[in-house]
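Asker: Sharing a model prediction with you, sequence too.
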Amino acid sequence: MGKLYSKGFQEFTDELLDRIGKSGIDSLSPDEIKFLDSLKNGGDENLMREILIDNFAPVTNGIFSFHLIELPETTHTGYYIRGILTVPCPLDPSVEVEIEGALIENTDEGTHIYDYFWVNEAEDDIVYDVGDIIEGFEEEFVEFTDRLVEQLGRYFWKY
């Protein structure tokens, strides 16, 4: 997997510098100050990643939500995006379940691959894939993932 080209990193840095200009250094959190200090020494990549992830707001549409757990990675065909997807439970849609996995965006073909599975331990470890989980919400899920990829693109990648 390739290097992440982060538009979000520069925007985040600019935002912090603007806040210092308007309200002083005391307007920053300790992590934000650590982040800026790390830039003086060439940057602490792990700290930068952590702060960027923390500042990417979860995406939701009222049915599904997505919380980023790692910075997206570029691949030779697109992006690999790990996160936690909150979805209606296949057994009881009034209950939400959180499943960790990945959305794989193939930019060459304009398609998404969903690597999410939920294991129901109460039912002898029956495995539900994303198709089972979104049954009845297919259109909403497609709209949701399109919006998620668009939002990630605005935050992380230069076009």
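Answerer: Cool, the structure landed.
Asker: This protein - how does it break down into domains?
Answerer: Split into domains by automatic domain parsing, the chain comes to 7-55, 59-156.
Asker: Now Ile53: which helix or strand?
Answerer: helix 45-55 (DSSP states H and E).
Asker: ok so, going back, using TSV, lay out the domains of the chain together with mean pLDDT and mean neighbour count.
Answerer: Heads up, the C-betas are built off the backbone N, CA and C, glycines and all. Shown next, in TSV, are the domains of the chain (pLDDT from 0 to 100; neighbours: other Cβ atoms under 10 Å):
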stretch	mean pLDDT	mean neighbour count
domain 7-55	77	13
domain 59-156	83	16
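Asker: following the host helix or strand of Ile104, which helix or strand shows up next?
Answerer: Counting by DSSP H and E, the element that carries Ile104 is strand 96-106. Next along the chain after strand 96-106, taking DSSP H and E as the criterion, comes strand 111-115.
Asker: What pairs with that next one, parallel or antiparallel?
Answerer: Sheet pairing of strand 111-115 (DSSP bridges) gives strand 96-106 (antiparallel).
Asker: so how far is the strand it pairs with from its chain's centroid?
Answerer: How far strand 96-106 lies from its chain's middle: 10 Å, per Cα atoms, centre = their mean, to the nearest Å.
Asker: got the contact list for it?
Answerer: Contact with strand 96-106 is made by 66, 69, 75, 77-89, 111-118, 133, 145, 148-149, as judged by Cβ atoms under 8 Å, 6 or more residues apart in numbering.
Asker: The residues you listed in strands, which ones?
Answerer: 66, 78-88, 111-115, 117-118 (DSSP state E).
Asker: got the CA coordinates for the strand holding Ile104 in CSV?
Answerer: The C-alpha trace of strand 96-106 is given here as CSV (Å, rounded to 0.1, in the frame of the first residue of the first chain):
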residue,chain,number,x,y,z
GLU,A,96,-27.5,-1.3,16.5
VAL,A,97,-24.3,-3.4,16.2
GLU,A,98,-20.8,-2.2,15.6
ILE,A,99,-18.6,-4.2,13.2
GLU,A,100,-15.0,-3.5,12.4
GLY,A,101,-13.8,-4.0,8.8
ALA,A,102,-12.9,-2.1,5.7
LEU,A,103,-14.4,-0.4,2.7
ILE,A,104,-12.3,-0.9,-0.4
GLU,A,105,-12.8,1.8,-3.0
ASN,A,106,-11.8,0.8,-6.6
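Asker: Against Arg147, how distant is Gly136?
Answerer: Taking Cβ to Cβ, to the nearest Å as the measure, Gly136 falls 19 Å from Arg147.
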